[in-house]
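Asks: turn this into a model:
(3 chains)
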Amino acid sequence: MMMKNSFELIYDVVRRIPYGKVATYGQIAMLAGNPHWSRVVGYALHVNPDPEHIPCFRVVNRYGEPSSAFAFGGVNEQITLLQNEGVEFIDGRVDLSKYLWDGR
DNA sequence: CTGGTGACCGCTT
DNA sequence: AAAGCGGCCACCA
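Replies: Numbering: from 1, shown residues only, chains lettered A, B, ... in the order given. This is a model prediction of the structure:
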């Protein structure tokens, strides 16, 4: 039986993030089906079983700023990756008005 | 086995 | 207008 745990639903949503766009935890949680999973989303990415297929670096908090625990090698590195995709960082924040993934 | 925490968000007062 | 609290899942000791 394919019992999709909440984590798989979250991974599925994160994997849908297109190139050059960013998504927020709340957005993913809502798309996953529960607006209160925002916390679970953070934990799901924490285990991040497939970082190569799950662009956790494209996931940012509501303020458009990368999470603190991203220091797995250098938060600066994450910002560079997004910039490399065309995402413009302003004052260490992403313009969610332009780069926030609309869920499509 | 139980308790507590964590990459968060939204609502209430 | 601002601040504080709760809530869901899974893993750890």
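
Asks: got the buried residues for the helix-or-strand element of chain A with minimal mean pLDDT?
Replies: When each helix and strand of chain A is scored by mean pLDDT, DSSP states H and E, helix A:75-85 comes last, with a mean of 90. Residues of helix A:75-85 classed as buried by neighbour count (16 or more other Cβ atoms under 10 Å): A:75, A:78-79, A:82, A:85. No exception for glycine: its C-beta is placed from N, CA and C like everyone else's.

Asks: do the same with stretch A:96-104
Replies: Here stretch A:96-104 shows A:96, A:99-101 as buried, counting by 16+ other Cβ under 10 Å.

Asks: so which of those are in helices?
Replies: Counted as lying in helices by DSSP state H, out of the buried residues of stretch A:96-104, are A:96, A:99.

Asks: quick check: chain neighbours aside, which residue is closest to A:Phe57?
Replies: Residue nearest to A:Phe57 in three dimensions, not counting chain neighbours: A:Gln78, with 4.5 Å by Cβ to Cβ, 6 or more residues apart in numbering.

Asks: do I have it right that that neighbour meets A:Pro66?
Replies: Yes - counting by Cβ atoms under 8 Å, A:Gln78 does reach A:Pro66; the two are 5.1 Å apart.

Asks: find residues that contact each of the two.
Replies: The contact sets of A:Gln78 and A:Pro66 overlap at A:Phe57 (Cβ atoms under 8 Å, 6 or more residues apart in numbering).

Asks: all set, thanks.
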